[in-house]
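Undergrad: I would like to see how this sequence folds:
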Amino acid sequence: MAAAGGRRLLFRLALLVLLLALCRLGNVIPLPGLSQEAMESLFGPFSHGMLKQISIFALGLTSLFTALAYLEMAKLLVPSLARWQKASAENMFKLSDYARLAAIAIAVFQAYGVALALQQGPNLVAEEQGGFVPVTIATLLGGAVLLWWLVDRITLLGFGNGFWLVWVASIVSSFPKNVAQLADLTQTGWVGTDIWLILAGFLLVVCVAAVIVNLLLVDQTWLDIAPQAVPNHEAVLAGRTASLALIWPPLLADIVLGHVMSLLLAFGPSLDTAYAWLGYGRPLRLLLLALLLPLFCFAYMRTWLRNGAQAGFVTRSRLVFWMLCAFQITSCLGGEWLERQLKLPFSLHGASLILCTTVAMSFLRALPLGSFSDAPKTAAGRG
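TA: Residues are numbered from 1 along each chain as shown. Here you go, the predicted model:
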């Protein structure tokens, strides 16, 4: 039996690697109708930025992420919507379908913008063809839907939410390039060894803190649920909310700050002035971020406490709440401040570090490795 279980695990892991590889493969299949010669002359033959992104998966998961993020904010602002969702499985599926429909509408809008930008570029379209815009929209939309389908297949493997696994895979894939850039700057004398030590210390502190908060929030929640023979609906929601409280607050705070920047630009200040106030790592942005993170953490912790109370177990709210707030504020503000002060050639995004650590621990919980296998599989960081 143990040998059969090991073979099934290896088969699932192989499928996971294959599906992740397919997600990455779509990023290297070029968008049809573009002149590669014009692209290389415009962006350079060794470009890894825009040239690499103009593929059938150019939209990535951004449209789905946008729909899910606004759904999360709606549930936090309108508690009755969250109560309606958790009332039945049918309501949960309905809300998920609505989010997918919203994501499709957002993807069409994004694809239309990309198609127009490419058509207006200098000789980027291989031939003058009136159907370039609709073909591009259809291709990008089809690529986005295919990527969502691959994400769903990954979720069904039982290693956690496929959306976050694919998102983290894209983040991790950029690590070698970032390290190579920093190494090149070190060789030229622009970066000293002290910067390497500062970055290593910051990453170590964030990862260790993320593990501790994960153990206190997510794992402790499932240990409180475990004595129940059959965890009820509220207990499962409490475990799910514990993971969401780690992932979503920094991401939602970034979205709100983006809207604040847009409103600022709409009322007259130039782009340079708006960036001087709310640019990455600027004092006003850091102050607003320090205010928004506790608000979103409080909203999720309130839902977590309510579900825990209805499920019949008691949680340690005050300690976990303050640790969660301190951890996220330190990670996000510290990352932005260090990036600006050290003039790093890449983004040191605290939300990405939190997401990577949380998804990694969720993945470990889904593996039959000692105590990690004790938690119900539904705890796997569902977003």
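
Undergrad: Give me the distance between the one helix or strand V145 maps to and the centre of its chain.
TA: Using DSSP states H and E, V145 sits within helix 132-156. How far helix 132-156 lies from its chain's middle: 18 Å, per CA atoms, centre = their mean, to the nearest Å.

Undergrad: Check which residues of that helix are buried.
TA: Using 16 or more other CB atoms under 10 Å as the test for burial, helix 132-156 gives 132-133, 136-137, 139-141, 143-145, 147-148, 150-151, 154-155. (Glycine included, C-beta is placed from N, CA and C.)

Undergrad: Quick check, L284 in contact with T273.
TA: No - using CB atoms under 8 Å as the test, L284 is too far from T273 to be in contact (11.7 Å).

Undergrad: Which elements pack onto the helix or strand harbouring L101?
TA: Take DSSP H and E as the rule and L101 turns out to sit in helix 89-119. On a contact count with 3 or more CB pairs under 8 Å, 6 or more residues apart in numbering; DSSP states H and E, helix 89-119 meets helix 62-77, helix 79-86, helix 132-156.

Undergrad: could those be laid out in JSON lines, adding mean pLDDT and distance to Y280?
TA: Output for these, formatted as JSON lines (pLDDT from 0 to 100; distance: least, CB to CB, whole Å):
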{"stretch": "helix 62-77", "mean pLDDT": "93", "distance to Y280": "18"}
{"stretch": "helix 79-86", "mean pLDDT": "85", "distance to Y280": "32"}
{"stretch": "helix 132-156", "mean pLDDT": "92", "distance to Y280": "27"}
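
Undergrad: Enumerate every residue touching L333.
TA: L286, L289, A290, G350 (CB atoms under 8 Å, 6 or more residues apart in numbering).

Undergrad: if we go to 7 Å?
TA: When contacts are counted by CB atoms under 7 Å, 6 or more residues apart in numbering, L333 touches L286, L289, A290.

Undergrad: can you list the domains in this structure?
TA: By the assignment in automatic domain parsing, the chain contains the domains 1-157, 160-383.

Undergrad: related to what we said a few turns ago, other SSEs contacting the very next helix or strand once past the helix holding V145?
TA: Later in the chain than helix 132-156, the nearest helix or strand by DSSP H and E is helix 162-173. Where contact means 3 or more CB pairs under 7 Å, 6 or more residues apart in numbering; DSSP states H and E, helix 162-173 is packed against helix 2-25, helix 132-156, helix 350-365.
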